[in-house]
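In: Curious how this folds, go ahead:
(one chain, ligands or ions: 1)
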Amino acid sequence: MAFSGVKNDRGELRILENLDELRTDLADYIAELSEAAVKERGVFAVALSGGSLIGLMGKLCEAPYNKTVDWGKWYIFWADERVVAKSHSDSNYKLAKDGLLSKQVPIVPSHVHSINDSVSAEEAADEYTFVIRQLVKSRMVSVSDISDCPKFDLILLGMGPDGHVASLFPNHAVLDEKDEWVTFITDSPKPPPERITFTLPVINSASNVAIVVTGETKAEAVHLAIDNIGPDSQSVPARLVQPTKGKLVWFLDKPAASKLDSLQFSE
Ligand SMILES: O=C1O[C@H](COP(=O)(O)O)[C@@H](O)[C@H](O)[C@H]1O
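Out: Numbering: from 1, shown residues only. The predicted structure follows:
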């Protein structure tokens, strides 16, 4: 690892020498959280994103993780999803299915909670909220004692070059949503336009949140999000990811970290 440390209140930074090291560190991190959650609660409730994240999670399907992780205890959700058919190349579900879920890992199909792709964005968000509510009732997903929101064991996020996370885009009204767990947008600046997304209160109620970012095209957004300077936070949604009680970890490769201010860190 090139660097590991804590920088102000923006969480733990893990800056990896190259993509191979990042994939290994990310797989170790997810496997450890899975083991701890299964030990404590009997299940592991994890929310995925789409985009480059899924490719970076690939090592989880290889030895030793494919055999050591307790896949049967995983409950899988999406922090955001594009409202397209599950077979569409824009679908975050399809991305995860092709890149992860179909890779000889014994995930229980009924534990995979994808959105209903045959209704409107608004209905899909409402239905997804209902599904999560049922799983909170049956304690497969914990509940936050502070916000009354679901408390996922882990929410995995990517970040776009504009600083968006999940489908929470810069200066969009969706950033102000305080009441809903899952909401929808029909005007995403990045295609496709119709999406559902976890809201900030849900993301910030998780026990663990990881933001995984690679590549120089995202270096400026990483700098703005972590160094906490420049435009207001509504312009950099990743800066609004601040788990109330949970732990935030950034996984960065060196190009993505290249514009960070000098790092103060502890071993
Ligand atoms: O549209 C989306 O973009 C972000 C970032 O994607 P990346 O390919 O730049 O890593 C992703 O995290 C989100 O889930 C997705 O819907």
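
In: need the contact list for the residue of the stretch 51-200 of the chain found nearest the ligand.
Out: Residue of the stretch 51-200 of the chain nearest the ligand, by C-beta to the nearest ligand atom: Gly51 (2.4 Å). (Each C-beta comes from the backbone N, C-alpha and C, glycine too.) By C-beta atoms under 8 Å, 6 or more residues apart in numbering, the contact set of Gly51 is Asn92, Leu95, Gly158, Gly160.

In: The residues you listed: which ones sit near the ligand?
Out: Restricting the contacts of Gly51 to those near the ligand by C-beta under 6 Å from any ligand atom leaves Asn92, Gly158, Gly160.

In: Isn't the first one up against Val83?
Out: I take that to be Asn92. No: in terms of C-beta atoms under 8 Å, Asn92 does not count as a neighbour of Val83; the distance is 10.6 Å.

In: on that earlier part again, quick check on the residue of the stretch 51-200 of the chain closest to the ligand: phi, psi?
Out: Per-residue torsions, Gly51: phi 70, psi -150 (degrees, to the nearest 10).

In: Return the residues of this protein in contact with the ligand.
Out: Taking C-beta under 6 Å from any ligand atom as the contact definition, the chain meets the ligand at 49-53, 80, 92, 157-158, 160, 166-167, 190.

In: From the residues you listed, keep the buried residues only.
Out: Buried by 16 or more other C-beta atoms under 10 Å: Ser49, Gly50, Gly51, Ser52, Leu53, Asp80, Asn92, Leu157, Gly158, Gly160, Ala166, Ser167, out of these.

In: In helices, which of the ones next to the ligand among the contacts of Gly51 appear?
Out: Among the ones next to the ligand among the contacts of Gly51, DSSP state H puts Asn92 in helices.

In: Of the ones next to the ligand among the contacts of Gly51, which is the nearest to Glu32?
Out: Comparing the ones next to the ligand among the contacts of Gly51 against Glu32 with C-beta to C-beta places Gly158 closest, at 20.5 Å.

In: and the buried ones among the residues of the chain next to the ligand, which two are the farthest apart?
Out: Using C-beta to C-beta, the two most remote members of those are Ser52 and Ser167, lying 15.4 Å apart.

In: where along the stretch 151-267 of the chain do the helices fall?
Out: 200-203, 219-227, 254-257 (DSSP state H, counting those that start in this stretch).
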